[in-house]
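Q: Any chance you could fold what I've pasted below:
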Amino acid sequence: MKTLTERQKVILQAIVREYTETGAAVGSKALAARLPIHVSSATIRNEMASLEEQGYVQKEHTSSGRIPSLAGYRYYVDHLVNNDAVAHADIQLIQNELSGSFNKIDEIIEESANLLSELTSYTAFTLKPEQADARLSGFRLVPLGNRQVMAILVMDSGEVANQTFTIPRSMSSDQLETVVRLINDQLVGLPITEIVDKLRVEIPAKVGQYMQTPEGFLQIFGRVLDQAATERFFVGGRLNLLNFSVNHNPQDLKSLYQLFDTSDDIASVLSPPDNKVQVKIGNEITNDLLKHYSLVTGTYDVGSHGRGMIAVLGPTRMPYSRMIGLVGAFRQELAAKLLDYYRNLDD
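A: The predicted structure follows:
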């Protein structure tokens, strides 16, 4: 593609803005009234034809006006977007909603997904900070009656995971308490990767001194450990998808919603290569189900506690300036909230 002239850049920028605001194809007369420079309608038509030839705009079926192509959106985001200042009211809303009392990290991350979807009217994703270096802080069992026991595992990050299981009749409460003490003595303070190794090699033999069949109990412990260590993400505004989806085929929508519920798949779609706010448009998104959408992604940094991620999924016809600004501001506010949470946890 050729390098655009300054006038073509102004015209492409105006087409994108007009189309994202109205959803209607943009004609030369309407464009002439919006341009910051004085240009005749005939000149605009010639420039629009040139932009179409280069693949930045395209005609709709029955209209003489133009709409941006995916390449046009890409050029706009890379070269022409103005990062609009985020409205003070939006910042205030984010700060107020995140200033509430939360008992654990997941509650903050989940609320963030819901809030981001409300602010944008699109579908939002939030991933909690990676916990690969998280360490076990404590393990306990809580009797629930009728031989039901809840296993509770606490990480030094503040994450709490639990699972209920039934203990065999041959196991006494004293045996259970002894095993819990053993696990705490042997595993508290260790990173998850090291705990997993010990569960395979050392711990079964030691637990076997107090239980006839330690494997079942250790499987329960392992599942709770997996729950605490698993990268968790939350989705806000799932139903918003119905408002901006270009395809209302029930099977396609079902596939999209299934994608939202698959941790590994959605994490690979969202993952940005660096610490910047990034925009992926159409087929730049790695999953074919999302080729008609745009994704604005940003990471947030909470120091030694890792990095998390937020993202907004919307139509290619989205107000990119506002979305980029909101994601940028939101990640800063979320990082500040989480850092404050961790500080209070350490005190």
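
Q: Please enumerate residues in contact with the helix or strand containing Glu21?
A: Here Glu21 is covered by helix 6-22, with elements defined by DSSP states H and E. With contacts defined as CB atoms under 8 Å, 6 or more residues apart in numbering, helix 6-22 is touched by 4, 25-26, 30-31, 34-37, 39, 44, 47-48, 50-51, 56-57, 66-68, 72-73, 75-76, 79-80, 317-320. (Glycine included, C-beta is placed from N, CA and C.)

Q: Count the neighbours of Arg343 for me.
A: 9 (other CB atoms under 10 Å).

Q: That one: what secondary structure?
A: Look at Arg343: counting by DSSP: H, G, I helix; E, B strand; the rest coil, its state is helix.

Q: Kindly report the domain assignment for the chain.
A: As assigned by automatic domain parsing, the chain contains the domains 6-80, 88-130+232-346, 136-229.

Q: I'd like those domains written out as TSV, with mean pLDDT added.
A: Output for these, formatted as TSV (pLDDT from 0 to 100):
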stretch	mean pLDDT
domain 6-80	90
domain 88-130+232-346	87
domain 136-229	77
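
Q: Wait, Phe233 touches Thr126, no?
A: Yes. Under the criterion of CB atoms under 8 Å, Phe233 makes contact with Thr126 at 6.5 Å.

Q: shared neighbours of the two, anything?
A: Common neighbours of Phe233 and Thr126 (CB under 8 Å, 6+ apart) are Ile109.

Q: With neighbour numbers in mind, choose between these two.
A: For the pair Phe233 and Thr126, the greater number of neighbours falls to Thr126 (28 against 23), based on other CB under 10 Å.

Q: Let me know whether the more buried one touches Val312 as I believe.
A: No. The pair Thr126 / Val312 is not scored as a contact, 10.3 Å apart, by CB under 8 Å.

Q: Please enumerate the shared neighbours of the two.
A: Residues touching both Thr126 and Val312 (CB under 8 Å, 6+ apart): Leu116.

Q: those helices in the stretch 201-347 of the chain, which residues are they?
A: 203-207, 214-229, 241-244, 250-260, 263-270, 320-346 (DSSP state H, counting those that start in this stretch).

Q: which other helices and strands contact the third one?
A: What it means is helix 241-244. Other helices and strands packing on helix 241-244, by 3 or more CB pairs under 8 Å, 6 or more residues apart in numbering; DSSP states H and E, are helix 250-260, strand 307-315.

Q: These: which one's closest to Asn243?
A: strand 307-315 (9.2 Å; CB to CB).

Q: Packing partners of that closest one?
A: The contact analysis (3+ CB pairs under 8 Å, 6+ apart) places strand 307-315 against helix 105-120, strand 123-127, helix 241-244, strand 293-301, helix 320-346.

Q: Would you mark the buried spots in the fourth one?
A: Same thing as strand 293-301. In terms of neighbour count (16 or more other CB atoms under 10 Å), strand 293-301 has its buried residues at Tyr293, Ser294, Leu295, Val296, Thr297, Gly298, Thr299, Tyr300.

Q: now, the most widely separated pair of these?
A: Of all pairs in those, the most separated under CB to CB is Tyr293 and Tyr300 at 22.3 Å.

Q: Show me which of the buried residues of strand 293-301 is closest to Ile167.
A: When the buried residues of strand 293-301 are compared against Ile167 (criterion: CB to CB), the nearest one is Tyr300, at 41.3 Å.

Q: So what sits opposite the closest one in the bridge?
A: Following DSSP bridges, Tyr300 is listed with bridge partners Gly308.

Q: Residue numbering should commence at 50 henceforth.
A: Let's use 50 as the start, then, which means that last one is Tyr349.

Q: if I look at it, how far off is Gly355?
A: 10 Å (CB to CB, to the nearest Å).

Q: just how off-centre is the strand or helix carrying Lys247 within its chain?
A: Using DSSP H and E, Lys247 sits in helix 241-250. From the chain centre to the centre of helix 241-250 is a distance of 29 Å (CA atoms, centre = their mean, to the nearest Å).

Q: cool, stretch 101-114 as well?
A: Counting by CA atoms, centre = their mean, stretch 101-114 comes out at 34 Å from the chain centroid.

Q: now do stretch 286-304
A: Distance of stretch 286-304 from the chain centroid (CA atoms, centre = their mean) equals 18 Å.

Q: ok, now stretch 209-217?
A: For stretch 209-217, the distance to the chain centre is 29 Å (CA atoms, centre = their mean).

Q: thinking again about what came up before, so which of the helices and strands packed on helix 290-293 is the most surrounded?
A: strand 356-364 (a mean of 23; mean count of other CB atoms under 10 Å).

Q: Okay then, goodbye and thanks.
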